[in-house]
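J.: sequence first, then the predicted structure, then my questions.
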Amino acid sequence: MRVCVYSFHPLVLAELIRAIENVDPTPVSHKLDSSHVADPKSLIVPKASVYVVEANARTHAAKVIVGEILSRQIEARLIVVAEGFDDTAAFSLLRRGVKGLLSYAELSRHLASAVDVVAGGSFWVPRTLVSRFLDSELGGAQRPRRAFVAPPLSHREREVYELLLENLSNKEIAKRLNVSERTAKFHVSNVLGKFQVKRRSDLLLLSFSESRSA
């Protein structure tokens, strides 16, 4: 799995590489500067499994870099790192196709895991942010129920799947279906496994992505 890392600051670039130093082969790093924003075609974009882009306070610059990577590597999986993300910045990046959003505070503990998850086809986005993003994009309308072809599901799994699309917790699902939380957790795990995703936020974002492309 090849990982390519971009940052405007050399110290942050070094920290990003340190956080995923055990990735094989060794991650490729590129220091960004204003010329890459003024002329995106000058950006070096090697083929990689995951691209990590450090945004810092340069939201516009990050969007330009993300857009350029995706224009050249259509199937690229991107993680953007910043001090934090307000809804406006986060939603814009998700619309562009970013698969992971990570704060500086999470780097040392979670960047390696986020890279693995995103490389595997899933998302690394906080659940609460996913919920706000979907509410914003759908304008308060009901979330899509069958945005993509579902694998064979039992009647109970179908019920759980529908409730997952409402972004309910295991406890809320258990209450809605009048079952124990342990039973709800069991069915949730089975549903996610059948859709080949690891987290419920993946299911929500996949549903949204497919509904947009339909």
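T.: Yep, it's here. Numbering: from 1, shown residues only.
J.: lowest-scoring secondary structure element of the chain by mean pLDDT?
T.: One helix or strand of the chain scores below all others by mean pLDDT, DSSP states H and E: helix 200-213, with a mean of 68.
J.: check the gap between residue 129 and residue 204 for me.
T.: Per C-beta to C-beta, to the nearest Å, residue 129 is found 11 Å from residue 204. Where C-beta positions appear, they are placed from N, C-alpha and C, glycine not excepted.
J.: okay, those two: which has more neighbours?
T.: When residue 129 is set against residue 204 and neighbours are counted by other C-beta atoms under 10 Å, the residue ahead is residue 204, at 25 against 16.
J.: count of neighbours near residue 101?
T.: Per other C-beta under 10 Å, the neighbour tally for residue 101 reads 25.
J.: and the helix or strand that contains it, what does it pack against?
T.: Assigned by DSSP states H and E, residue 101 falls within strand 100-103. On a contact count with 3 or more C-beta pairs under 8 Å, 6 or more residues apart in numbering; DSSP states H and E, strand 100-103 meets strand 78-82, helix 87-96, helix 107-119.
J.: which stretch in these has the least confidence?
T.: The minimum mean pLDDT among these belongs to helix 87-96 (a mean of 87).
J.: all helices of the protein, in order?
T.: In the chain, the helices defined using DSSP state H lie at 10-19, 34-38, 59-72, 87-96, 107-119, 127-138, 155-164, 170-177, 181-194, 200-213.
J.: only the buried residues of the shortest one, if you could.
T.: Along helix 34-38, these residues count as buried under the neighbour rule (16 or more other C-beta atoms under 10 Å): 36-37.
J.: now find how far off-centre that helix is within its chain.
T.: Here the centre of helix 34-38 is set off from its chain's centre by 26 Å, with C-alpha atoms, centre = their mean, to the nearest Å.
J.: send me it as CSV with only the CA atoms.
T.: The C-alpha coordinates for helix 34-38 follow below in CSV (Å, rounded to 0.1, in the frame of the first residue of the first chain):
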residue,chain,number,x,y,z
SER,A,34,2.0,28.7,-3.2
SER,A,35,3.1,27.7,-6.7
HIS,A,36,1.2,24.5,-6.5
VAL,A,37,-2.0,26.5,-5.8
ALA,A,38,-1.4,29.0,-8.5
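J.: pretty sure residue 24 is touching residue 2, no?
T.: No - using C-beta atoms under 8 Å, residue 24 is not in contact with residue 2; the gap is 9.3 Å.
J.: does residue 16 touch residue 5 like I think?
T.: Yes - with contact defined as C-beta under 8 Å, residue 16 reaches residue 5; the gap is 4.9 Å.
J.: quick check: neighbours shared by these two?
T.: Common contact partners of residue 16 and residue 5 (C-beta atoms under 8 Å, 6 or more residues apart in numbering): 29, 52, 54.
J.: in strands, which of these appear?
T.: Per DSSP state E, strands hold the following members of these: 29, 52, 54.
J.: roughly how far does the residue in the chain sticking out farthest from the centre sit from residue 188?
T.: Using C-alpha atoms, centre = their mean, the residue of the chain lying farthest from its centre is residue 178. It sits 31.9 Å away. Going from residue 178 to residue 188 by C-beta to C-beta gives 16 Å.
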